[in-house]
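return a 3D structure for these sequence lines:
(chains A and B)
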Amino acid sequence: MAVNGQGDTIIEVRGVTVGFGNRIVLDAVDLDVRRGEILGFVGGSGAGKSVLLRTIVGLLPRSAGDVKVLGVDMGRASDEDRQTVERRWGVLFQQGALFSSLTVLENLQFPMRENLKVSQRLMDELAIAKLEMVGLDASVVDKFPSELSGGMTKRVALARALALDPDIVFLDEPTSGLDPIGAGDFDTLIATLQRTLGLTVYMVTHDLDSLHTVCDRIAVLADHKIIATGTMETMLASTHPWLRAYFHGKRSRAPEAAPAQHVSL
Amino acid sequence: MTGSLLHGTLQGDRLHLAAAGAWVSQNAGSLEAQINTAARRHPDVKHVDIDMHAVERLDTFGAWLLERLTRAFSSHGAATEITGLKADFRALIEELHAVKAEALPPNKGSRLRYALASIGFSIASVGSYFSNFVNMLGALMVVFARLAAHPRRFRMTSMVHQLDNVGWKAVPIILLITFLIGCIISQQGIFHFRKFGADIYVVDMVGILVLREIGVLIVSIMVAGRSGSAYTAELGSMKMREEIDALQTMGFDPIEVLVVPRIVALIIGVPILTFLGSMAALYGGAVVSWLYGGIAPDIFLSRLKETITIDTFAIGMIKAPFMALVIGVVACVAGLKVRGSAESLGLQTTASVVESIFLVIVLDGLFAIFFAAIGM
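Here you go, the predicted model:
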């Protein structure tokens, strides 16, 4: 659906608590994701960023709280309603999670074959169209996932996440393990696809460049809570110690932090 | 569920197509049919207008089918024009307009060629398999020679851990299986020998069969299924996660660190298991001959002493370490052959079990010929 009406909430997380044994990972977390935005989700390693993502898509059970996606309360909905919602999102896992026994083409067509009644010809054409949209071409269709490079795996996995034209895509560290050029290309790709397909993107990331260039809003997870949400400017202006350390640290390239360069020729 | 998504009206050589409804993936099947019909029914129009203003929703599927429609008319030489497109859809249409979508390369070659090629590949793989096996034996010999020079480099802890896994923990299941096999042989023997009134010969049969052949064979087959597959899976998943490469870069020899302790554990473990298994089988045989055949345990024992020589026992035990070596080498070769995917791990684990059982039986046959030749 290429509807770009921004503003209405597409994912609503209310008071979600998740723990493993005695260890609380998320403590009453609230989060809104608006239709048509790219939300960057950051937090320290092991803080529970992926846990929240996995909770929203229903891979992890929560001990309290509600998750509403596209207006459907995922905890109380019937199996049918939940499946309808599940068909309207795509997930890009950190390692790609391509099915290793299927070729690239079969990987892309798997969700189409299971959910739609369309001809093989149309599936072939669309699989190639999606591959071209993510910057690959028809030469990879017969390859198996183990024969792909890291960047190609991510692209194919993104194409598979987009196979059914979802409304929402969840990206778990999409640029990790890519070189800066590849990561930059991937950011541009996500922004382009978001515009053309009218996607809502929920992106877990560590990549400050991605946050700067493509994210409309940023949510920050620390101390088991969401400590801030807002634009990059809000984050840079914040005085919270964790946010300062994250956005003004050595690795960040916030404009004011760049020292005058002495270039010796 | 879908009405007309595409309605055509013809005015001279000008075709007017009115699109409507939701051009999305759920309707893609019927939309494709309507588009194909439209393109087929009007092959010689000169101008095509496609009015998209009534289309409420559009996704990649719809946009691609629109693109295919315009391409179909363009290839006949007709001029196409899309009107009334909502601004939201424009980016998507342009994106798909840029898609080349060349036809998929057809499968090259005929079925016959494919069949011949697959036969060829499997024959060639037997050769490469054999050379892998011999390579591994060679590598093992080199490491054993090195270890003989520096015995302290042998990984005793690792070996003991493996021995615990393949030997000690296998004892209950081995005892149970061989006990049952002993019972079955004895029961069948009694039924058939009784016809000749030669019940007592069941002791000869059980004794010789178990000690010479069955004990070591059953144990080897069990170990191949139980421990060989575990070796392949362990080494294979280490290979998949580059752990073996990591060892190598730290200056360790994976054969010395991973393979040798495992194979030594098998070479120690299998003879012990063979001995225990043979005893359990004899015990099972004795129990059944007593219950079914009325051969009292003391008679069974004294008859056994008469028929069994030390050779009979030795033949079974001599074979055991060789069986262990074959199982271990096959399992480790298969484990190190695993490539990136989970499928390859499964394939190699299966191959490891099938090949080691096959080789164990072949080896047993060769031993039978050898012992017959030297008169044992």
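
pairing partners for the helix or strand residue B:9 falls within, with directions?
Per DSSP states H and E: residue B:9 is located in strand B:6-11. Next to strand B:6-11 in the sheet, as set by DSSP bridges, lie strand B:14-23 (antiparallel).

near chain B, which residues of the stretch 151-265 of chain A? Just list them.
Applying CB under 8 Å from any CB of the partner chain, one finds that the stretch 151-265 of chain A approaches chain B through A:162, A:164-165, A:195-198. No exception for glycine: its C-beta is placed from N, CA and C like everyone else's.

at 6 Å what do you get?
Proximity of the stretch 151-265 of chain A to chain B is assessed by CB under 6 Å from any CB of the partner chain, with A:164-165, A:195-196 identified as the residues in range.

what secondary structure does residue B:50 sit in?
Three states are possible here, and by DSSP: H, G, I helix; E, B strand; the rest coil the one that applies to residue B:50 is strand.

likewise for residue A:96?
coil.

returning to what we had before: most neighbours out of the residues of the stretch 151-265 of chain A next to chain B, which is it?
Counting neighbours by other CB atoms under 10 Å in any protein chain shown, the top entry in these is residue A:165, with 26 neighbours.

ok, that one - contacts?
Residues counted as contacts of residue A:165 (CB atoms under 6 Å, 6 or more residues apart in numbering or on different chains) are B:25, B:59-60.

if I pick the closest residue to chain A within chain B, what's in contact with it?
Chain A sits closest to residue B:340 of chain B, with a gap of 3.2 Å, by CB to the nearest CB. With contacts defined as CB under 6 Å, 6+ apart, residue B:340 is in contact with residue A:146.

where's it, which helix or strand?
Per DSSP H and E: residue B:340 is located in neither a helix nor a strand.

likewise for the one 3 residues further on?
For residue B:343, the host element (DSSP H and E) is helix B:342-373.

per-residue pLDDT, the residue nearest to residue B:144 when sequence neighbours are not counted?
Leaving aside its chain neighbours, residue B:144 sits nearest to residue B:260 (7.4 Å; criterion: CB to CB, 6 or more residues apart in numbering or on different chains). At residue B:260, the predicted lDDT confidence score is 94.

what's the answer for the one 4 residues further on, then?
Each residue has a pLDDT score; the one for residue B:264 is 95.

what's the spacing between the residue lying closest to residue A:173 once chain neighbours are set aside and residue A:171?
Nearest residue to residue A:173, sequence neighbours excluded (CB to CB, 6+ apart): residue A:94, at 5.0 Å. Distance, residue A:94 to residue A:171, using CB to CB, to the nearest Å: 9 Å.

one more: residue A:63?
As judged by CB to CB, residue A:63 and residue A:171 stand 26 Å apart.

give me the more crowded residue out of those two.
residue A:171 (27 against 10).

what's the pLDDT at that one?
At residue A:171, the predicted lDDT confidence score is 87.

assumed it was part of a helix.
No. In this structure, residue A:171 is strand, not part of a helix, as judged by three-state DSSP.

that one and chain B: what is the separation?
18 Å (CB to the nearest CB, to the nearest Å).

beta-bridge partners for that residue, please?
Residue A:171 forms beta bridges with residue A:92, residue A:203, as assigned by DSSP bridges.

residue A:90 is in contact with that one, correct?
No. Counting by CB atoms under 6 Å, no contact exists between residue A:171 and residue A:90, whose distance comes to 9.2 Å.

contact residues of chain B facing chain A?
B:25, B:28-29, B:32, B:57-60, B:64, B:88-89, B:91-92, B:95, B:99, B:101-102, B:104, B:340-343.

so among these, which ones count as buried?
Neighbour-count burial (16 or more other CB atoms under 10 Å in any protein chain shown) is assigned, among the residues of chain B next to chain A, to B:25, B:28, B:32, B:57-60, B:64, B:88-89, B:91-92, B:95, B:99, B:101, B:341-343.
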